[in-house]
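1. no sequence for this one, just the structure:
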């Protein structure tokens, strides 16, 4: 039998470590940034929606399809073995990246949304009943609301919502008061996609655990910006999406403590999640495969592994310091415009500046900025209850990544001056 002992090495070429954070060197790795939109240099500030991909990730995905495209876990031939090894080594890369206890605790899914639905439909359906309660927060993405609403409607349970203050911070005393004998689960966003608020999740997890309540974190907006250690947090479930972490779309991760995952029924039935099948009975596969039915997004997982390897070259404290500098500079510059009101001013926040402009709809703001080559996001950002909390229909949102600079912020502010000129 031919083996492929160097599959991951071949597919994920090592990236030289950086001794200091060199943003211009970083930008050279992202070809998409070096183009013009409407005749203007592209300024990409929509990273909370999706981040761009470095050349090493694009090369890795291309290499998979060109050199060892094959299905995994089934074949005895060279290509299948090579693809299987690269896929499983990507799982190991994820495990090390946020310090999971074992690779089997890393479940590959399509993204954060599927991860939350998986937990709701497996752990939730098994443990939540009539009269029980599930606690979320007022700043959740729709993906952190709707699956739990569906479960509550099915089971006759109640959804409880932890309130936030005007800065966009969870009121911890009110959160703790919601926890009690009826509470069967807590699901929280780690970082708000609208406000940029970094929630005090370690403290909130400890509060829930004192009542014996498991906690799930939506880490879609956290993982690209803050170092996450799932064992230090003692979180029970954690989810994130590849495409926000400089990896490909259609791929994501659910982390779960092994003892919880092992007690959960499968989410879907089909190939690879079984150990044996007869017409009378099916025996399910061990972790993580029992939750990965069918042919997975092989290229997506390998691409995510490449994105993590790309990020491993950086000192994470330097990345956080760079992004914090860009955010602080953006906050200062935006506040200097009298017509701008920031939405989300938490003391602990990252990467996101949401704002409204007096008497100007956010969609108009985004349209005019696009004419200047500036890409931001406008709308309710799949967080309509949060918009209602602040009494607004939508915001304009500039969100930053490790390749953004103060120059990008200056372009944004100049673009907003153009918006004012048009409407005034």
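-> Perfect, thanks for sending it. All figures in this text were calculated on a predicted structure; none of them were measured in a lab.
2. All the helices of the stretch 1-150 of the chain, residue numbers only.
-> Per DSSP state H, counting those that start in this stretch, the stretch 1-150 of the chain has helices spanning 7-11, 23-28, 55-67, 78-97, 112-119, 125-127, 146-155. These are given in chain order.
3. most tightly surrounded among these?
-> helix 112-119 (a mean of 25; mean count of other Cβ atoms under 10 Å). Every C-beta, even on glycine, is put in place using the N, C-alpha and C of the backbone.
4. So which other helices or strands are in contact with that helix?
-> The contact analysis (3 or more Cβ pairs under 8 Å, 6 or more residues apart in numbering; DSSP states H and E) places helix 112-119 against strand 106-109, strand 215-218, strand 237-241, strand 252-256.
5. rerun at 6 Å
-> Judged by 3 or more Cβ pairs under 6 Å, 6 or more residues apart in numbering; DSSP states H and E, helix 112-119 is in contact with strand 237-241, strand 252-256.
6. Among the ones you listed, which comes closest to residue 109?
-> strand 252-256 (5.0 Å; Cβ to Cβ).
7. For that closest one, which outside residues touch it?
-> For strand 252-256, contacts defined as Cβ atoms under 6 Å, 6 or more residues apart in numbering pick out 94, 100, 105-107, 109-112, 115, 118, 230, 237-242.
8. next helix or strand past it?
-> helix 258-262 (DSSP states H and E).
9. could I get the helices of the stretch 1-150 of the chain as a markdown table with mean pLDDT and distance to residue 279?
-> Shown next, in a markdown table, are these (pLDDT from 0 to 100; distance: least, Cβ to Cβ, whole Å):
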| stretch | mean pLDDT | distance to residue 279 |
| --- | --- | --- |
| helix 7-11 | 42 | 37 |
| helix 23-28 | 97 | 56 |
| helix 55-67 | 98 | 37 |
| helix 78-97 | 96 | 28 |
| helix 112-119 | 98 | 27 |
| helix 125-127 | 96 | 26 |
| helix 146-155 | 98 | 29 |
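10. can you list those helices in a markdown table and add distance to residue 312?
-> Compiled in a markdown table, the helices of the stretch 1-150 of the chain are given as follows (distance: least, Cβ to Cβ, whole Å):
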| stretch | distance to residue 312 |
| --- | --- |
| helix 7-11 | 13 |
| helix 23-28 | 14 |
| helix 55-67 | 11 |
| helix 78-97 | 8 |
| helix 112-119 | 22 |
| helix 125-127 | 36 |
| helix 146-155 | 32 |
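11. For residue 311, find the nearest of these.
-> Using Cβ to Cβ, the nearest of the helices of the stretch 1-150 of the chain to residue 311 is helix 78-97, at 7.7 Å.
12. which regions of this protein sit below the pLDDT cut-off?
-> Within the chain, the segments meeting pLDDT under 70 span 1-19, 271, 273-278, 281-285.
13. ok, 50 please
-> Scanning the chain for pLDDT under 50 picks out the ranges 1-12.
14. what domains does the record give for it?
-> Domain assignment for the chain by automatic domain parsing gives 78-311, 316-419.
15. how far does the shortest one sit from the chain's center?
-> Averaging C-alpha positions (Cα atoms, centre = their mean, to the nearest Å) puts domain 316-419 19 Å from its chain's average.
16. Ok, stretch 141-157 next?
-> For stretch 141-157 - counting by Cα atoms, centre = their mean - the centre lies 20 Å from the chain centre.
17. roughly how far apart are residue 164 and residue 389?
-> 7 Å (Cβ to Cβ, to the nearest Å).
18. Pick out whichever of the two has more residues nearby.
-> Legend: neighbour count by other Cβ atoms under 10 Å for residue 164 and residue 389, higher for residue 164 (24 against 17).
19. need the contact list for that one.
-> Counting by Cβ under 6 Å, 6+ apart, residue 164 has contacts 138, 139, 170.
20. Look at the spatially most central residue of the chain and give its secondary structure.
-> Closest to where the C-alpha atoms of the chain average out (Cα atoms, centre = their mean) is residue 220, at 1.5 Å. Here residue 220 is coil, with the state taken from DSSP: H, G, I helix; E, B strand; the rest coil.
21. quick one on the thing from earlier: which of the helices and strands packed on helix 112-119 sits closest to residue 90?
-> strand 252-256 (10.1 Å).
22. what pairs with the closest one, and is each one parallel or antiparallel?
-> strand 106-109 (antiparallel), strand 237-241 (antiparallel) (DSSP bridges).
23. Save these as JSON lines, and put in mean neighbour count and distance to residue 130 too.
-> Formatted as JSON lines, these follow (neighbours: other Cβ atoms under 10 Å; distance: least, Cβ to Cβ, whole Å):
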{"stretch": "strand 106-109", "mean neighbour count": "25", "distance to residue 130": "29"}
{"stretch": "strand 237-241", "mean neighbour count": "28", "distance to residue 130": "23"}
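24. Residue 158 is nearest to which of the ones you listed?
-> strand 237-241 (20.7 Å).
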